[in-house]
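Peer 1: Sequence first, then the predicted structure, then my questions.
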Amino acid sequence: MDKLIFTITDAGRQAIINASNTGTEKVEIKSVGIGDMYYITTPDQTEIGGEIKRITGIGGTVISPDTIHVTAKDDTKDEYVVHTVGLYTDKGTLFAVYSRAEPIINKSASTVMLISSDITFKSIDTANITFGDVVFINPPASESVVGVSRFATAEEVGEGLDPAIAVSAKRLKGELDKKANLDSPNLTGTPTAPTTAESDNSQKIATTAFIKQVLLAYAKLDSPNFTGKPTAPTADQSSNDTQLATTAFVRSAIAALVDSSPGALDTLNELAAALGNDPNFATTMTNALAGKMDKAANGADIPNKPLFLQNVGLGETINLAAGALQKSQN
């Protein structure tokens, strides 16, 4: 049953205030009066309207500063419909009253009436209210009150909004099994996490999006496409392998190729021009040198001496000399 907001009567309030008006004294709720009519309650009333009977089988307990839990039991064969409930003290004073148009309870002869409800007061401290020794009360359980509670459904456990319902050990274990341990969690399914900035270098979880944006800053091992100004170690000049050739390596190789050539011949283009762009320059020079006469032979190796003499203008001279008298012949 929902909480019922009772009206404190003037007599009930007076009962809880001591004669010197300096404090309070305990008020024991001893019985419950039930009525079959609805009316608007007022603080000045001393009896409930349409009272059917007074029930002394009552128990209760304080569950919060403004709320008490009351249980009243009637196991007689009486039949009635309850619209009004009044709380009476051990001195017969109407302490508080509640009434509503809708039936509070409908009792038949074959049933046991058990009214069990939370009762809220707007203007008194419930710590000053006590009850008899009846042991069948069923207050709602809380962290400080031993009482009755029901187990939450799976949906209610997921929402986690109702503080008045309990969670069974089986249900709790089932919910905990859905959670990962904080220490070395074993995640399944498709776990997600916030994607941190590319520059982040911490112990945060790296998502696939983070990994991809980081990898974009690196070249592939297979056919890398470098941009900017990539650098590499400069290999030794004697290297002849698959190491990257840096600009420093290339310049060193060219310098070794031209050695200490003069400025006009310190490039491959200039050297090629000087060699007549002849790719077989060495063979050409060897063949050319092979056609030269030996200086030490003093012309003995001239292949066509008559033609040579004619070419140098000595043919006629030789002919004249041939017909001349020797000096010794004179």
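Peer 2: Cool, got the structure.
Peer 1: Now do the contacts for the most centrally placed residue in the chain.
Peer 2: Of all residues in the chain, the one closest to the mean position by CA atoms, centre = their mean is residue 193, 2.2 Å from it. Listed by CB atoms under 8 Å, 6 or more residues apart in numbering, the contact set of residue 193 reads 204-205, 207. For every residue, glycine as well, the C-beta is placed using N, CA and C.
Peer 1: Now name the helix or strand holding it.
Peer 2: If you go by DSSP states H and E, residue 193 is not part of any helix or strand.
Peer 1: How much space separates it from residue 69?
Peer 2: Going from residue 193 to residue 69 by CB to CB, to the nearest Å gives 47 Å.
Peer 1: Could I get the contacts of residue 193 in CSV, plus columns for distance to residue 250?
Peer 2: Converted to CSV, these look like this (distance: CB to CB, whole Å):
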residue, distance to residue 250
204, 44
205, 46
207, 43
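Peer 1: right, and out of these, which lies closest to residue 312?
Peer 2: Of all these, residue 207 has the smallest distance to residue 312: 96.3 Å, by CB to CB.
Peer 1: from what I can see the closest one touches residue 197, true?
Peer 2: No. Counting by CB atoms under 8 Å, residue 207 does not reach residue 197; the two are 11.8 Å apart.
Peer 1: Kindly indicate the member of the contacts of residue 193 with the most neighbours.
Peer 2: Per-residue neighbour counts (other CB atoms under 10 Å) across those peak at residue 207, which has 15 neighbours.
Peer 1: can you give me phi and psi for the closest residue to residue 219 other than its chain neighbours?
Peer 2: Leaving aside its sequence neighbours, residue 219 sits nearest to residue 226 (CB to CB, 6 or more residues apart in numbering; 5.7 Å). Residue 226 adopts backbone torsions of phi -80, psi 150, taken as degrees, to the nearest 10.
Peer 1: any idea of the pLDDT on residue 226?
Peer 2: Looking at residue 226, its pLDDT reads 85.
Peer 1: Then residue 101?
Peer 2: For residue 101, the pLDDT comes out at 95.
Peer 1: what's near enough to touch the closest residue to it other than its chain neighbours?
Peer 2: Nearest in space to residue 101, with sequence neighbours left out and distances taken as CB to CB, 6+ apart, is residue 38 at 4.7 Å. Residue 38 makes contacts with 83-84, 99-101, as judged by CB under 8 Å, 6+ apart.
Peer 1: can we see that at 6 Å?
Peer 2: 83, 99, 101 (CB atoms under 6 Å, 6 or more residues apart in numbering).
Peer 1: would it count as being in a helix?
Peer 2: No. The assignment for residue 38 (DSSP: H, G, I helix; E, B strand; the rest coil) gives coil, which keeps it out of a helix.
Peer 1: what's the helix or strand for residue 49?
Peer 2: Following DSSP H and E, one finds residue 49 outside all helices and strands.
Peer 1: Show me the helices in the stretch 1-150 of the chain, by range?
Peer 2: All helices of the stretch 1-150 of the chain, identified by DSSP state H, counting those that start in this stretch, fall at 10-16.
Peer 1: quick one: secondary structure of residue 157?
Peer 2: Of the three states, residue 157 takes helix under three-state DSSP.
Peer 1: Roughly how far does it sit from residue 7?
Peer 2: Going from residue 157 to residue 7 by CB to CB gives 38 Å.
Peer 1: do residue 311 as well
Peer 2: 154 Å.
Peer 1: who's more crowded, these two?
Peer 2: Ranked by neighbour count (other CB under 10 Å), residue 311 and residue 7 place residue 7 first, with 17 against 10.
Peer 1: Verify the stated contact: that one with residue 40.
Peer 2: No. Taking contacts as CB atoms under 6 Å, residue 7 lies outside contact range of residue 40: 9.3 Å.
Peer 1: since we're on the residue nearest to residue 219, how many residues are nearby?
Peer 2: Counted with other CB under 10 Å, residues neighbouring residue 226 total 9.
Peer 1: show me where pLDDT drops low in the stretch 201-330 of the chain?
Peer 2: The stretch 201-330 of the chain contains residues with pLDDT under 70 at 258-271, 314-315, 318-330.
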